[in-house]
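Student: build me a structure from this.
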Amino acid sequence: MITPALSSAREESGEVPRDDSITAWALAARSGDPDAVERFVRALHRDVRHYVTFLGADPQSADDLAQDTFLRALGGLHRFEGRSSARTWLLSIARRAVVDSIRHASSRPRLADTDDWQSAAERTQPRGLPGFDDGIALVELLETLPDDRREAFVLTQVVGLPYAEAASVSDCPIGTVRSRVARARTSLIEWLDDAERCTPAAAAA
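Tutor: Okay, here's the model as predicted:
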């Protein structure tokens with residue numbers, strides 16, 4: 001299985017590698033540098049897993065989707081020329097992996113029950129996002145959004161892509177991404193407000 005080394009540069013320093021460094025590693029990996037391959041996978045594994053978790057039809061398959069994404073990417077590195085960042089290129093591959101997974105899932109009965117889905121959502125929920133308490137499963141909130149708004153929100157607010165790169169991954173104009181994110185924010189805030197009004201404390205006030 002393709003997984004990042006436990007003693008990663010990100011974990012040791014607390015810093016996220018720059019996009020230009022990641023792209024340089026991808027280009028070096030294309031030439032067969034095993035150290036560059038490890039650095040490339042290690043730098044983007046977390047982003048890929050978050051992305052496929054939030055967009056996938058079955059959150060429990062996130063590890064398999066991340067694995068599939070990196071296998072596709074490493075198999076196609078010879079076609080990567082660095083015209084876009086390696087992060088944008090890889091997330092485009094992840095998007096295709098998710099689409100293929102959803103198409104495949106639609107042809108067979110779903111086996112995961114609600115309890116398992118919610119448990120997986122809570123385990124993969126990123127922490128520290130503004131406006132979301134730890135007790136709220138962000139995956140569950142995002143599930144209420146239309147697919148296009150959910151993707152735009154995940155790319156820009158969870159993964160942290162600039163709007164221009166998110167537009168490239170989604171294959172749509174940058175203005176469309178901005179609009180989708182704004183509408184997603186509005187929907188999520190309304191959802192949170194409704195949930196707060198329904199809490200026992202709010203009812204007793």
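Student: give me the distance between the two termini of stretch 142-150.
Tutor: Using Cα to Cα, to the nearest Å, the end-to-end distance of stretch 142-150 comes to 6 Å.
Student: tell me the average confidence for that stretch?
Tutor: Averaging pLDDT along stretch 142-150 yields 89.
Student: same deal with stretch 32-51?
Tutor: Throughout stretch 32-51, pLDDT has a mean value of 93.
Student: buried stuff in it?
Tutor: 36-51 (16 or more other Cβ atoms under 10 Å). All C-beta spots, glycine's among them, are computed from the backbone N, C-alpha and C.
Student: do the same with stretch 149-165
Tutor: For stretch 149-165, by 16+ other Cβ under 10 Å, it's 149-159, 161, 163, 165.
Student: returning to that earlier point: and the buried residues of stretch 32-51, which two are the farthest apart?
Tutor: Greatest spacing in those, by Cβ to Cβ: Ala36 and His50 (22.9 Å).
Student: can I get the helix or strand hosting Glu190 as CSV, trimmed to CA atoms?
Tutor: Per DSSP states H and E, Glu190 falls inside helix 174-197. Provided in CSV are the C-alpha atoms of helix 174-197 (Å, rounded to 0.1, in the frame of the first residue of the first chain):
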residue,chain,number,x,y,z
ILE,A,174,-13.0,30.8,-11.3
GLY,A,175,-16.1,32.9,-10.9
THR,A,176,-18.2,29.7,-10.8
VAL,A,177,-16.0,28.3,-8.0
ARG,A,178,-16.3,31.6,-6.0
SER,A,179,-20.1,31.5,-6.4
ARG,A,180,-20.3,27.8,-5.3
VAL,A,181,-18.2,28.4,-2.3
ALA,A,182,-20.3,31.4,-1.2
ARG,A,183,-23.5,29.5,-1.6
ALA,A,184,-22.0,26.5,0.3
ARG,A,185,-21.0,28.8,3.1
THR,A,186,-24.5,30.3,3.3
SER,A,187,-26.1,26.8,3.4
LEU,A,188,-23.7,25.6,6.1
ILE,A,189,-24.3,28.6,8.3
GLU,A,190,-28.0,28.2,7.9
TRP,A,191,-27.7,24.5,8.8
LEU,A,192,-25.6,25.4,11.9
ASP,A,193,-28.1,28.1,13.0
ASP,A,194,-31.0,25.7,12.7
ALA,A,195,-29.1,23.1,14.7
GLU,A,196,-28.3,25.6,17.4
ARG,A,197,-32.0,26.6,17.7
